[in-house]
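[1] the following block contains a protein sequence and its predicted model.
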Amino acid sequence: MPELPEVETIRQQLERKVRGRKIIRVEVITPKLVNKTASEFNKLISGSFIEEIRRRAKLLLFKLSNGYNLVVHLKLTGRFLLVKEQDKPTKYTRIIFYLNRTKLFYEDLRKFGYLRLFSTKELEKFLEKENFGPEPLDREFTLSVFKNLLQKRKRSKIKPLLMDQKFIAGVGNVYAQEACFYAGILPTREASTLTDGEIEKLYKSLRAILVNAIKY
């Protein structure tokens, strides 16, 4: 499943390619992936512009000019493909966004992903319900914050804890394992057994691993 670095990379690519584009219409091929009927989904999005694309945890958040927001979770096999206007959908294309002189395919082999359309208030409620932890690359996520979070989960094993989206947002199996390896900490250690030096090393390792993953 894409984790923070992969989703952030996709966000950056989409931001460069489709931000400011007008969505002329939407064709929903697999209705179960959206939270509206196919016709309602198309009606609510058509004619709007993509104003901004953000990321929260492993989610992509498209801010539209009409007051709606498109929330996308890629899950295991979801992906976006920007294609030429004349290109035909593949057997894995689930949704087609028709833009000016181009199309954006949402493809998903296993159909585990989802696209949800929310008003701004609905989006706030949705994110509040998800109760995501802090973003590990935000400036506000300091070593002190990390220590305080660990203090509240002393009995938790460190690797599953790093993967808990309510503890830290966006980290999954791959980067939790990499951070532990880079810091020289056994993933099965309980948080309470970490020394201050190990906590600092894990904090720096996690951030360094995520930054380099996005870079490369």
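    Looks like it arrived, so ask away.
[2] what's the closest non-adjacent residue to residue 83?
    In space, and not counting its chain neighbours, residue 83 is closest to residue 103: 5.3 Å by C-beta to C-beta, 6 or more residues apart in numbering. (Glycine included, C-beta is placed from N, CA and C.)
[3] now do the helix or strand encompassing that neighbour: which elements does it pack against?
    Assigning secondary structure by DSSP states H and E places residue 103 in strand 102-108. Contacts defined by 3 or more C-beta pairs under 8 Å, 6 or more residues apart in numbering; DSSP states H and E place strand 102-108 against strand 78-84, strand 93-99.
[4] can I get the first one in CSV, CA atoms only?
    Right, strand 78-84. What follows is strand 78-84, C-alpha atoms only, in CSV (Å, rounded to 0.1, in the frame of the first residue of the first chain):
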residue,chain,number,x,y,z
GLY,A,78,-5.1,2.5,-6.9
ARG,A,79,-3.3,5.0,-9.2
PHE,A,80,-3.9,8.0,-11.4
LEU,A,81,-2.8,8.2,-15.0
LEU,A,82,-2.8,11.4,-17.1
VAL,A,83,-3.5,10.4,-20.7
LYS,A,84,-4.1,11.9,-24.1
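[5] what helices and strands are in contact with that strand?
    Applying 3+ C-beta pairs under 8 Å, 6+ apart, one finds that strand 78-84 makes contact with helix 4-18, strand 102-108.
[6] the longest helix seen in the chain: which residues count as buried?
    Across the chain, the longest stretch assigned as helix under DSSP state H is helix 196-215. Buried residues in helix 196-215, defined by neighbour count with 16 or more other C-beta atoms under 10 Å: 199, 201-203, 205-207, 209-210, 213.
[7] so which of these comes closest to residue 158?
    Checking the buried residues of helix 196-215 against residue 158 by C-beta to C-beta gives residue 202 as the nearest, at 7.4 Å.
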